[in-house]
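Undergrad: below are the sequence and a predicted model for it; my questions follow.
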Amino acid sequence: MSTALDLIAIGRVSVDLYGQQIGSRLEDVSTFAKALGGCPANVAIGVARLGLKPALISRVGDEPMGRFVREQLAREGVETRGVQVDPQRLTSLVLLGVRDEQTFPLIFYRENCADSALCEDDIDEGFVASSRSILITGTHFSLPNAASAQRKAIDAAKAHGVRVILDIDYRPNLWGIGGHGAGESRYARSARVTDVLSSVLPDCDLIVGTEEELHVAAGIEETLGAICRIRALSSAVIVCKRGPRGCIVFPDRIPDALEDGLVAAGLDVEVYNVLGAGDAFLAGFLSGYLRDEPHEVSARLANACGALAVSRLLCSPEFPTRAELDHYLAYGSSHRALREDSRLNHLHWATTRRDIPKTLQVLATDGRSELRQLALRRSVPVERLARLEALAVDAVARVAAGRGGFGVLLDGTHGAAALRDAERAKLWLAQPVERPASRPLEFEAASLAAHLERWPAALTVKCLCLYHPDDPPELRGAQERNLLRLAAACRALQRELLLEIAAGGHGELEESTTARVLSRLYELGIRPDWWGLEPQPGASAWERCAAVIAANDEYCRGVLVCGLDEPPERIARALALAAAVPLVRGLVAGGSILTGGAQAWLAGEKSDETATVEIAARLTAHRLTVAQALVRAMAAQWAEVEGERRRLFAGVWAIFGHGNVAALGEALYAARDVLPTLRAHNEQAMGHAAVAFAKASNRRRMMACTTSIGPGATNLATAAAVAHVNRLPVLLLPGDVFATRAPDPVLQQVEDFGDGLVTANDCLRPLSRYFDRITRPEQLVVAFNRAMQTLTDPATCGPVTLALCQDVQAEGYAWPQSLFEERVWTPRRPPPAREELARAA
């Protein structure tokens with residue numbers, strides 16, 4: 001029987017508040033770190049991070065902490081449909097501290113809390129049956145209603161062949177043994193607890209506990225005797241956790257000595273906080289057990305997970321991911337205090353940070369100096385810039401329309417309105433931390449960590465560093481010291497970092513310049529989540545940067561192109577070069593997008609609505625040349641046949657010459673990874689090759705051909721005729737005359753001097769199913785859509801010619817986003833008429 005889930009954990013879930021002053025009494029702790037906790041919830045998160053599919057059955061309050069629990073579980077990949085919202089009770093809280101290696105003060109705030117109200121009605125038999133296993137905990141047998149819920153889950157599991165896993169999870173305080181201040185206690189003899197747990201043991205397939213927990217489950221305060229007693233009641237696999245000594249697994253017969261069981265030795269690590277380490281251990285064990293790995297493998301995974309957790313402060317946030325665990329098992333660590341291992345820390349951070357869209361289009365509103373000068377020139381209070389920033393956020397939100405991949409780089413000095421609106425619109429958010437134009441780098445705040453601690457967690461820290469690799473050593477040293485401070489603060493406070501490097505204004509920007517900077521910063525141990533890079537001088541420069549990043553940080557989110565305040569034509573070329581590099585994931589644009597209409601708005605000459613609409617319009621415009629836009633639009637077309645998705649255009653056959661080399665040739669080169677260019681020796685051959693490809697592909701995919709103006713274009717005529725007669729889709733892209741007629745004539749250009757509208761390409765007009773000559777950039781939007789409709793319609797398909805005037809190819813234009821949105825074409829298969837079927841029969 002196939003199941004949707006690997007594990008359903010049942011029982012406690014809480015919000016843990018960890019004291020951050022290590023060594024302090026709880027009475028003296030001044031700040032706390034918030035995390036999701038509770039044994040079943042911790043284990044569910046742990047196995048999710050290790051690649052399994054878990055769910056949780058519990059209850060939370062209808063308040064911010066309850067919403068935090070549900071949202072965090074969902075972020076971690078834990079199914080939450082079993083987590084009920086209880087409007088009558090609050091989510092439970094736990095306050096925890098670390099005094100030393102043996103002392104961990106703990107207070108449970110659980111009286112009449114939401115998860116303690118779990119009852120039989122919360123257990124759905126069908127939901128239990130959808131999983132391969134359930135996890136029950138000893139603690140939730142301490143209350144009658146919760147015990148009934150777990151027993152119902154056990155019955156459902158047994159009825160459907162679902163494995164039952166018991167974590168004894170003994171907390172005397174939660175059984176009413178000891179007062180409120182006894183939360184730290186891990187063992188107290190109790191016949192009542194033994195009676196309850198003993199009644200559960202026969203139904204279990206796996207039983208996990210510390211030596212003390214096994215003692216209370218068996219009612220025997222000697223470990224081997226306790227395990228023998230449990231074996232007399234249950235045939236389950238028994239796992240005895242032994243802290244730093246590792247664990248012992250007893251899959252069947254109990255030997256005469258503990259050490260004759262399956263012993264998995266512990267790992268020598270510093271004990272920093274034992275709270276939650278057992279839950280990490282169990283998650284690791286289950287990651288092997290539920291994959292039917294040998295018990296030796298499961299125990300090794302468990303010990304490693306426990307070691308990683310015990311060396312860190314929090315519970316579930318510190319549990320390892322699969323990548324982190326595999327690295328630790330393969331290479332170990334040179335640090336006994338694992339939290340000081342920079343490689344493990346980076347793996348942990350990079351594989352647990354929040355998911356975001358893979359590409360970003362960001363509007364920068366942080367042009368602090370420029371906007372303030374603009375306001376001063378207009379004698380407008382600087383405070384009014386806060387309203388302008390809010391309008392910009394509104395514009396981005398309108399463009400995003402609920403879609404991911406859009407963001408704003410906020411100023412951070414104009415109040416909270418823009419930030420609040422951006423969070424509500426679910427935009428990606430960043431804010432600068434540097435003092436504008438500082439060189440060497442300086443920060444706005446005297447205390448960087450204290451400054452960042454006040455930032456919302458969703459804000460990415462953006463820092464612009466004016467750094468050239470040939471700067472004097474003392475300048476580079478000052479910059480690097482502050483960058484190291486920044487990187488350390490971001491990691492300590494769990495803030496993502498966008499590090500923008502601008503070298504061009506401070507020395508020669510050569511092909512290797514930026515790559516040298518990246519190499520140096522990686523050498524220092526600085527691994528930002530994002531790099532922000534200025535437009536590079538050529539394709540080789542981008543490739544070198546990508547190679548450095550790939551060699552040093554496979555988990556880098558990518559590169560955002562920044563510094564786009566140049567003339568439109570240069571921006572278009574820069575973006576085209578960058579787009580060919582897969583690690584480039586988006587851009588940060590500001591400049592004229594925001595300031596273009598700011599003067600009139602600041603002067604009161606434009607309304608808020610007009611300014612917002614104009615910002616949105618400028619944001620959605622993609623400034624590219626006609627050739628770049630055409631190539632990008634072609635690369636966005638996909639074919640899907642029988643469930644398989646492939647690019648519609650397999651490539652472009654090309655012979656370059658007058659009319660297609662400078663603009664279209666450069667655009668094709670920049671996109672060579674997604675739209676290959678195939679060089680031919682004569683136009684006739686490449687035309688027929690494109691026709692043959694369309695036929696071999698059953699018209700489901702196609703190729704394009706580009707030639708020079710003149711004989712190069714006329715040589716396509718025979719192939720176009722063959723494609724026309726056989727209804728085979730081929731896109732012909734010959735160069736054409738200068739739309740401006742300057743210069744005129746051009747070598748090899750065939751024209752009718754008696755008719756200025758006729759060129760050599762007109763010989764393709766009667767042979768094409770659709771023909772257009774692009775004499776203005778805006779024509780391409782309509783012409784390309786019509787071309788695609790023709791090429792993909794079985795009733796009309798055949799050769800399509802878009803004759804590209806050579807000067808227009810290089811002309812920049814602000815294109816609508818719709819031209820570049822991915823489109824998937826599926827073959828039209830109209831059903832036959834019934835009358836036709838009847839005649840055929």
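TA: Structure's in. What do you need? Being a predicted model, the structure only gives us computed values, none of them experimental.
Undergrad: over to stretch 542-560 now: how far is its first residue from its last?
TA: With C-alpha to C-alpha, to the nearest Å as the measure, stretch 542-560 spans 12 Å from end to end.
Undergrad: show me which residues of it are buried.
TA: 542-546, 548-549, 552-553, 556-560 (16 or more other C-beta atoms under 10 Å). For every residue, glycine as well, the C-beta is placed using N, CA and C.
Undergrad: where along the stretch 51-200 of the chain do the strands fall?
TA: With DSSP state E, counting those that start in this stretch as the criterion, the stretch 51-200 of the chain has strands at 54-61, 83-86, 92-96, 106-109, 133-137, 163-167.
Undergrad: strand 92-96 and the first one, what's the angle between them?
TA: Spelled out, that is strand 54-61. 100 degrees (axes from the mean of the first three to the mean of the last three C-alpha atoms, to 10 degrees).
Undergrad: pLDDT on strand 54-61, on average?
TA: The average pLDDT within strand 54-61 is 98.
Undergrad: for that strand, packing partners?
TA: Where contact means 3 or more C-beta pairs under 8 Å, 6 or more residues apart in numbering; DSSP states H and E, strand 54-61 is packed against strand 7-10, helix 39-49, helix 64-76, strand 83-86.
Undergrad: who wins for proximity to Leu325 among these?
TA: With C-beta to C-beta as the measure, helix 39-49 is the member of those nearest Leu325 (8.6 Å).
Undergrad: on contacts alone, who are the packing partners of the closest one?
TA: Against helix 39-49 (3+ C-beta pairs under 8 Å, 6+ apart) you get strand 7-10, strand 54-61, helix 64-76, strand 133-137, strand 163-167, helix 277-289.
Undergrad: ok so, going back, in CSV: the buried residues of stretch 542-560, plus pLDDT and secondary structure.
TA: Output for the buried residues of stretch 542-560, formatted as CSV (pLDDT from 0 to 100; DSSP: H, G, I helix; E, B strand; the rest coil):
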residue, pLDDT, secondary structure
Trp542, 93, helix
Glu543, 93, helix
Arg544, 96, helix
Cys545, 96, helix
Ala546, 96, helix
Val548, 98, helix
Ile549, 98, helix
Asn552, 97, helix
Asp553, 97, coil
Cys556, 97, coil
Arg557, 96, coil
Gly558, 95, strand
Val559, 96, strand
Leu560, 94, strand
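Undergrad: which among these gets closest to Met634?
TA: Using C-beta to C-beta, Trp542 is the member of the buried residues of stretch 542-560 that sits closest to Met634, with 21.1 Å.
Undergrad: if I read this right, the closest one contacts Ala576, doesn't it?
TA: No: using C-beta atoms under 8 Å, Trp542 is not in contact with Ala576; the gap is 10.6 Å.
Undergrad: follow-up on the earlier one: any chance of the helices and strands packed on helix 39-49 in a markdown table, plus mean neighbour count and distance to Arg343?
TA: Listed next are the helices and strands packed on helix 39-49 as a markdown table, based on neighbours: other C-beta atoms under 10 Å; distance: least, C-beta to C-beta, whole Å:
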| stretch | mean neighbour count | distance to Arg343 |
| --- | --- | --- |
| strand 7-10 | 30 | 30 |
| strand 54-61 | 28 | 28 |
| helix 64-76 | 18 | 23 |
| strand 133-137 | 27 | 32 |
| strand 163-167 | 24 | 31 |
| helix 277-289 | 28 | 19 |
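Undergrad: to Leu533, which of those lies closest?
TA: Of all these, it is helix 64-76 that lies closest to Leu533, at 29.4 Å by C-beta to C-beta.
Undergrad: average model confidence for that closest one?
TA: Rounded mean pLDDT across helix 64-76 is 97.
Undergrad: contacts for it, please.
TA: For helix 64-76, the external contacting residues (C-beta atoms under 8 Å, 6 or more residues apart in numbering) are 13, 15, 34, 36, 41, 44-45, 48-49, 56, 60, 80, 83, 85-86, 90-91, 93, 114, 316, 354-355.
Undergrad: cutoff 6 Å now
TA: Contacts with helix 64-76, where a contact means C-beta atoms under 6 Å, 6 or more residues apart in numbering, come from 13, 15, 36, 45, 48, 60, 80, 83, 91.
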